[in-house]
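1. Turn this into a structure:
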Amino acid sequence: MSIPDVQGSADSRRLPINKVGIKAIRHPVRVLDKSGGVQHTIATFNMYVGLPHNFKGTHMSRFIEILNGYEREISVENFEAMSREMVKRLEAETGHIEMTFPYFINKQAPVSSVKSLLDYEVTFNGEIRADGAYRQTTKVVVPATSLCPCSKEISERGAHNQRSHITVTARTNSFVWIEDLVQMIESQASCEVYGLLKRTDEKYVTERAYDNPKFVEDIIRDVAGMLNADPRIDAYVAEAENFESIHNHSAYALIERDKTG
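-> Below you'll find the predicted structure:
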């Protein structure tokens, strides 16, 4: 008995769809870290293709088949191959795969040297463009500390500080370790954060932030200046958000640049 392919039937509305596919599916992956080890983690995937105006729908089950075909071997090394397989099997010209996962770095406290893991949110985004070219970006969300220069200047006792998120989405022309990108970003905050601190460490990070006050504007300009100076980075979007400790809102800043054109 022949089963009709409704998704593959014609559509008369003549409206192409930029992205259609599956969203928020979790799958095990492996990620190499700079120490030479492998992190096994769970990633959340979004997978889309462009749908021409003359097709009614796409074949959603094929996205799942592609993902499961790689089992646990999905990594940055085969991300392009998976993206190209997706557009081929879905008979599409364009495609996008987003893979978001927690990435752990073993950090050493500044004074006691006690080690602890700190997690960072990382996203790999692969895109097959209409001309067949492949483009990939890496996005990292880095927690940090910011201390307000104005509060320090006008207050007799201390200054208000807050936890911040510094987010960088970068397109590179050569390989950059996640650890290196994180370290570059952390260095531009008032102070970095740690998973575990002893009292001597707490004294250090408190005084470090106090001696290095930064507005959200200072943080984002310093991050952008660092990215501008790095020849490995072709384009970026840099964002900083301070979760204000004396307000019920955040302070936010963004700088975007394509260094190639």
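
2. A helix includes residue 132, no?
-> No. Under the criterion used here (DSSP: H, G, I helix; E, B strand; the rest coil), residue 132 is coil, not part of a helix.

3. Quick check: phi and psi at it.
-> Dihedral pair for residue 132: phi 90, psi -10, per degrees, to the nearest 10.

4. Just give me the neighbour total for it.
-> The local packing of residue 132 (other Cβ atoms under 10 Å) involves 10 other residues. Just so you know, the C-beta spots here come from the backbone N, C-alpha and C atoms, and that holds for glycine as well.

5. Tell me how far residue 34 lies from residue 204.
-> Distance, residue 34 to residue 204, using Cβ to Cβ, to the nearest Å: 25 Å.

6. Which one's more surrounded, these two?
-> Using other Cβ under 10 Å as the criterion, residue 34 and residue 204 rank with residue 204 on top: 17 against 11.

7. Show me what counts as buried in whichever strand or helix holds the more buried one.
-> Per DSSP states H and E: residue 204 is located in helix 199-210. The neighbour-count check on helix 199-210 (16 or more other Cβ atoms under 10 Å) flags 201, 204, 205, 206, 208, 209 as buried.

8. ok, then the element right after it?
-> helix 216-229.

9. which strands and helices sit next to that following helix?
-> strand 134-147, strand 161-172, helix 178-186, strand 233-243, strand 250-258 (3 or more Cβ pairs under 8 Å, 6 or more residues apart in numbering; DSSP states H and E).

10. Now do the last one: everything it contacts.
-> What that stands for is strand 250-258. 215-217, 219-221, 223-224, 227-228, 234-244 (Cβ atoms under 8 Å, 6 or more residues apart in numbering).

11. Apply 10 Å and report the result again.
-> 146, 148, 162, 164-165, 167, 169, 171, 215-221, 223-225, 227-228, 233-244 (Cβ atoms under 10 Å, 6 or more residues apart in numbering).
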